[in-house]
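[1] here is the input, now give the coordinates:
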Amino acid sequence: MSRILLVGATGFVGRHVRARAAAAGLDVVAAGRSPGLGGLPLDLTAGPGDVAAAVRRAAPDAVVNCAGATHGSPADLVRSNVVAVANLLAGVAAAPEGVRLVHLGSAAEYGHVEQGTPVSELAPPRPLGPYGVTKLAGTELVRAATGLDAVVLRVFNPVGPGAPGTTLAGRLATELRRAAGTGEDVRVGPLDASRDLVDVRDVADAVVAAVLAPAGLPAVLNVGSGRATPLRDLAAQLLRVAGARSRVLEAAAGSDRSAGVAWQRADIRAAGRALGWAPVTDLTTSLRDLWAEQK
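    Numbers count the residues shown, from 1 in each chain. Take a look at the predicted model:
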């Protein structure tokens, strides 16, 4: 049995990784600022010594980093997405050889891409905001680490059960739930973009595959659905799933994480070759399970 030290185990992606890894027979040691019962308290921003101590205590075969910040001030994002990764790398480097690092990056690292062309790992990253800039900096730190068995999974737009209000699907579901029974309209930001929406459980399966894959993985692998979905279609599908009578009005401020990015679709062929992985969950299932969990 392989053992993983899972950092960020209670977050949106982390809790699904925890469940899928356990189902795959992996021994999961949860870690984070609030790791839950039996987990290890670990704040990656505290310094590499704390990370090294957690790695020594857990004695894992792999460390999976699902921690990070998606919003906050630039200083907060640097602390959570750059300083934390630097501390993580130093702590893992101090561990005995043979520990793999699986780090979660973001599609925001790519920024604007050519519409109609799936973005591959070879595309030059051009992030447009502080979030993407800091995620790219974290990825580059991992890539620059010498002598470390590491891979960055560049995750596109995860959807599914537990999606937080910082995501469009999570926010829209929350607003529809609030408006249920009243028929009130709900307000979101502009929906004229298209995104690669991937079920969070498929993301978790990719993480597990990355933990178990033989050595020699590419430095970066895209994890997405391989489809570009108009965000208005996402809203329409969620309305149908919820049976909601509300109208969705594009009358609120949009996300500053994705402003200026009109279209994205992941090229996921490299992940298929390296991990033997492919997404299997359709968007309707993702939204149905998101809505059901909110009840």
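[2] average model confidence for stretch 64-74?
    For stretch 64-74, the mean pLDDT works out to 96.
[3] now do it: distance to the chain's middle.
    10 Å (Cα atoms, centre = their mean, to the nearest Å).
[4] what's next to that stretch, contact-wise?
    4-9, 11, 13-14, 17, 21, 32, 44, 76-77, 79-81, 84-85, 88, 101-104, 130-131, 134-135, 138, 166, 207, 211, 256-257 (Cβ atoms under 8 Å, 6 or more residues apart in numbering). Bear in mind the C-beta positions are built from the backbone N, C-alpha and C, glycine included.
[5] buried residues, that stretch. List them.
    The neighbour-count check on stretch 64-74 (16 or more other Cβ atoms under 10 Å) flags V64, N65, C66, A67, G68, A69, T70 as buried.
[6] want to throw these into a markdown table with distance to D233 and secondary structure?
    Converted to a markdown table, the buried residues of stretch 64-74 look like this (distance: Cβ to Cβ, whole Å; DSSP: H, G, I helix; E, B strand; the rest coil):
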| residue | distance to D233 | secondary structure |
| --- | --- | --- |
| V64 | 32 | strand |
| N65 | 32 | strand |
| C66 | 28 | coil |
| A67 | 31 | coil |
| G68 | 28 | coil |
| A69 | 29 | coil |
| T70 | 23 | coil |
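[7] and which of those is nearest to D185?
    Nearest to D185 among the buried residues of stretch 64-74, counting by Cβ to Cβ, is T70 at 26.4 Å.
[8] average pLDDT across the strand or helix carrying V151?
    When elements are assigned from DSSP states H and E, V151 belongs to strand 150-155. Here strand 150-155 scores 98 as its mean pLDDT.
[9] quick check: can you name the pairing partners of that strand and their directions?
    Sheet pairing of strand 150-155 (DSSP bridges) gives strand 100-106 (parallel), strand 220-223 (parallel).
[10] can you list those strands in JSON lines and add mean pLDDT, mean neighbour count and distance to L290?
    Listed next are these as JSON lines, based on pLDDT from 0 to 100; neighbours: other Cβ atoms under 10 Å; distance: least, Cβ to Cβ, whole Å:
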{"stretch": "strand 100-106", "mean pLDDT": "98", "mean neighbour count": "26", "distance to L290": "20"}
{"stretch": "strand 220-223", "mean pLDDT": "98", "mean neighbour count": "26", "distance to L290": "19"}
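[11] nearest to E114, of those strands?
    strand 220-223 (15.4 Å).
[12] so which residues make contact with the closest one?
    By Cβ under 8 Å, 6+ apart, strand 220-223 touches 105, 107, 119-121, 139, 143, 151-156, 198, 202-203, 206, 210, 266-268, 270-271, 274-275, 277.
[13] in strands only, show me those.
    G105, V151, V152, L153, R154, V155, V198 (DSSP state E).
[14] neighbour-wise, give me the winner out of these.
    Of all the ones in strands among the contacts of strand 220-223, V152 has the most neighbours under the rule other Cβ atoms under 10 Å, reaching 30 neighbours.
[15] contacting residues for that one?
    Taking Cβ under 8 Å, 6+ apart, we find V152 in contact with H103, L104, G105, T139, V142, R143, A219, V220, L221.
[16] what's the separation between the last one and I268?
    To I268, L221 is 8 Å away according to Cβ to Cβ, to the nearest Å.
[17] give me the nearest residue to S80, chain neighbours excluded.
    In space, and not counting its chain neighbours, S80 is closest to A69: 3.6 Å by Cβ to Cβ, 6 or more residues apart in numbering.
[18] got phi/psi on the one you found?
    Per-residue torsions, A69: phi -120, psi 140 (degrees, to the nearest 10).
[19] mind jotting down where the strands sit in the stretch 151-295 of the chain?
    Under the criterion DSSP state E, counting those that start in this stretch, the stretch 151-295 of the chain carries strands at the ranges 157-159, 186-188, 194-195, 197-199, 220-223, 229-230, 248-250.
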